[in-house]
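Q: Sequence first, then the predicted structure:
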Amino acid sequence: MSRGKVILSLRNITKSFTEDSKTLKVIDGISVDIGEEFVAILGPSGCGKTTLLRIIAGLEKPDGGEIIFTSKDARIGFVFQFPTLLPWMSVLENVALPLRVNGLSWQEAKERARKYLSLVGLASFEDFYPRELSGGMRQRVNLARALAIEPVLLLMDEPFSALDPLTAESLRSEVLDLWLWGVTSVRTILMVTHSVDEAILMADRVIVLTARPAKIAGIVDINLPRPRDRRSADFQALEDKVYELISS
Ligand SMILES: Nc1ncnc2c1ncn2[C@@H]1O[C@H](COP(=O)(O)OP(=O)(O)OP(=O)(O)O)[C@@H](O)[C@H]1O
């Protein structure tokens, strides 16, 4: 059961890729309702997690099935594993550019960009260039750029996996705080991860996918209060449950 009102329904999504006349079935009938919640998607390497996110984002077309956005405003933000910033543009311009493309004037776009840079703690770095920033700061810019389009749904594809452990940990709690405090437009987060720990630490529900072609192996509800304690017996019991599904 999704939490809050359903904002996105996936109905029997299927997808294959054909290369050199060989067909690779990647997604094999995924159906799930997603509400106003934080959902983590876990699954073996190469099972089709990124493909599923790309299908939801409209970057890839499914072969079959339906994606239904119930909200009239279906704006989607996307945070990739590696920040895709333009090296010749400043931090401010990188965040402002998609807004400009969406029809805002440069002045409006820059004002909005400043707001989101400040939310991710980069207010004083707007004139820096991507090469002058650490990996964690670049990922913050990436996040600000995704948030600045004021999406209802935020898709994140392994957003913390290229960062050192300490930076990853602080960015995880910042993302969670921004979402929990409701200071952005984001109501729903869908995050692909390889980490069971990260999924249970952050999400309301964890969707476990099977090996390719991906089907849903099971969905685990994470009803732990936040901030969560990794050392608690409840956390560890949930880890066991998720690992069981992964190896089933
Ligand atoms: N555009 C494409 N053309 C052909 N094959 C593709 C394409 N995109 C993905 N694939 C293949 O589909 C399969 C699933 O890829 P996908 O990136 O969705 O998996 P993943 O679960 O996100 O992987 P990982 O955990 O390693 O990040 C892989 O075998 C990949 O090589």
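A: Arrived safely.
Q: Quick check: longest helix in this protein by residues?
A: Longest helix of the chain, by residue count under DSSP state H: helix 165-180.
Q: what residues does stretch 70-87 touch?
A: Contacts with stretch 70-87, where a contact means CB atoms under 8 Å, 6 or more residues apart in numbering, come from 5-9, 53, 56-58, 93-94, 97, 129-131, 138-139, 141-143, 145-147, 149-159, 161-162, 185-186. The C-beta positions use only the backbone N, C-alpha and C, and glycine is treated the same way.
Q: next one: stretch 232-243
A: Residues outside stretch 232-243 that contact it (CB under 8 Å, 6+ apart) are 42, 196-197, 199-200, 206, 208, 220, 222, 224, 228-229.
Q: Determine the number of other residues adjacent to Glu198.
A: As a burial measure, Glu198 scores 20 neighbours (other CB atoms under 10 Å).
Q: What helix or strand is it located in?
A: Assessed by DSSP states H and E, Glu198 sits inside helix 196-202.
Q: circling back: I'd like the contacts of stretch 232-243 written out as JSON lines, with neighbour count, distance to Ala113 and pLDDT added.
A: Output for those, formatted as JSON lines (neighbours: other CB atoms under 10 Å; distance: CB to CB, whole Å; pLDDT from 0 to 100):
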{"residue": "Leu42", "neighbour count": "26", "distance to Ala113": "33", "pLDDT": "97"}
{"residue": "Val196", "neighbour count": "21", "distance to Ala113": "35", "pLDDT": "97"}
{"residue": "Asp197", "neighbour count": "12", "distance to Ala113": "33", "pLDDT": "97"}
{"residue": "Ala199", "neighbour count": "26", "distance to Ala113": "31", "pLDDT": "98"}
{"residue": "Ile200", "neighbour count": "23", "distance to Ala113": "33", "pLDDT": "98"}
{"residue": "Val206", "neighbour count": "25", "distance to Ala113": "33", "pLDDT": "98"}
{"residue": "Val208", "neighbour count": "23", "distance to Ala113": "37", "pLDDT": "98"}
{"residue": "Val220", "neighbour count": "21", "distance to Ala113": "37", "pLDDT": "98"}
{"residue": "Ile222", "neighbour count": "21", "distance to Ala113": "33", "pLDDT": "98"}
{"residue": "Leu224", "neighbour count": "15", "distance to Ala113": "35", "pLDDT": "97"}
{"residue": "Arg228", "neighbour count": "16", "distance to Ala113": "32", "pLDDT": "97"}
{"residue": "Asp229", "neighbour count": "13", "distance to Ala113": "36", "pLDDT": "96"}
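Q: With that, I have no additional questions.
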